[in-house]
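Trainee: quick one, structure for this:
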Amino acid sequence: MFAVIRTGGKQYRVAPNDIIEIERVAGEPGDIIELGEVLLLGGDSPKTGSPLIAGALVAAEVMEQSRGDKIIVFKKKRRKNYRRKKGHRQDLTLLRITEILTDGKKPSQTKVARPEPKKVEAKKPETEEAEAKPAKKPTAKKAAPPKKAAPAKKPAAKAAAAKKQAAKAAAKKPAAKPAKKK
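Mentor: Next up, the predicted model:
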């Protein structure tokens, strides 16, 4: 006998003693959980649900809570300087199917399977001392000291620089052409 169950938005074909990996459900290793969304029961006389089969459920034992491989999501638009890189690791639960039950029967030990709630932690100070200390006020920036003016050039240096510039300007001018005769 086999069954098709739905959990975590996916469908799985299971039989007793199968081991499947599904999205995380609440439970510790060794707990028995019930998967109540049975879509199809197969075997000698298959039954289909519309959408679920009333009174059917699958009992499974939690073997391990783990995380999947890291997936890198990289988006890029060329020539637009747009790049986004994100990573994701899915939380997973490893289950061993113990039995497939019909007609409203219950497994020997049960816990209802529910998706595990996401954990949101508020940031807390590292120590109690951090709470006791008042926050420091931001200090105003000090004005930078005024810059000193460059020392004035000596008159002899000014005269030498003026001669060099005049020489360069004269070198750039073309030679004077002789005057035309009439």
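Trainee: remind me which residues of this protein are low pLDDT?
Mentor: Applying pLDDT under 70 to the chain flags the ranges 108-145, 148-155, 173-178, 182.
Trainee: any idea which helix or strand carries Arg83?
Mentor: Assigned by DSSP states H and E, Arg83 belongs to strand 82-101.
Trainee: can I get that strand in PDB? Just the C-alpha atoms.
Mentor: Only the C-alpha atoms of strand 82-101 are listed here, as PDB (Å, rounded to 0.1, in the frame of the first residue of the first chain):
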ATOM      1  CA  TYR A  82      23.100  46.300 -11.000                       C
ATOM      2  CA  ARG A  83      24.200  43.200  -9.000                       C
ATOM      3  CA  ARG A  84      22.400  41.500  -6.100                       C
ATOM      4  CA  LYS A  85      23.700  38.400  -4.400                       C
ATOM      5  CA  LYS A  86      21.700  36.400  -1.800                       C
ATOM      6  CA  GLY A  87      22.000  33.000  -0.300                       C
ATOM      7  CA  HIS A  88      19.400  30.600   1.000                       C
ATOM      8  CA  ARG A  89      19.500  27.400   3.100                       C
ATOM      9  CA  GLN A  90      16.200  25.500   3.400                       C
ATOM     10  CA  ASP A  91      15.300  24.000   6.800                       C
ATOM     11  CA  LEU A  92      14.500  20.300   6.400                       C
ATOM     12  CA  THR A  93      13.100  17.400   8.400                       C
ATOM     13  CA  LEU A  94      14.100  13.700   7.700                       C
ATOM     14  CA  LEU A  95      11.100  11.400   8.300                       C
ATOM     15  CA  ARG A  96      10.600   7.600   8.300                       C
ATOM     16  CA  ILE A  97       7.100   6.600   7.400                       C
ATOM     17  CA  THR A  98       5.800   4.200  10.000                       C
ATOM     18  CA  GLU A  99       2.300   3.400   8.900                       C
ATOM     19  CA  ILE A 100      -0.500   4.500   6.600                       C
ATOM     20  CA  LEU A 101      -3.900   4.600   8.400                       C
END
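Trainee: so what are the sheet partners of that strand and their directions?
Mentor: Sheet pairing for strand 82-101, assigned by DSSP bridges, gives strand 19-23 (antiparallel), strand 57-77 (antiparallel).
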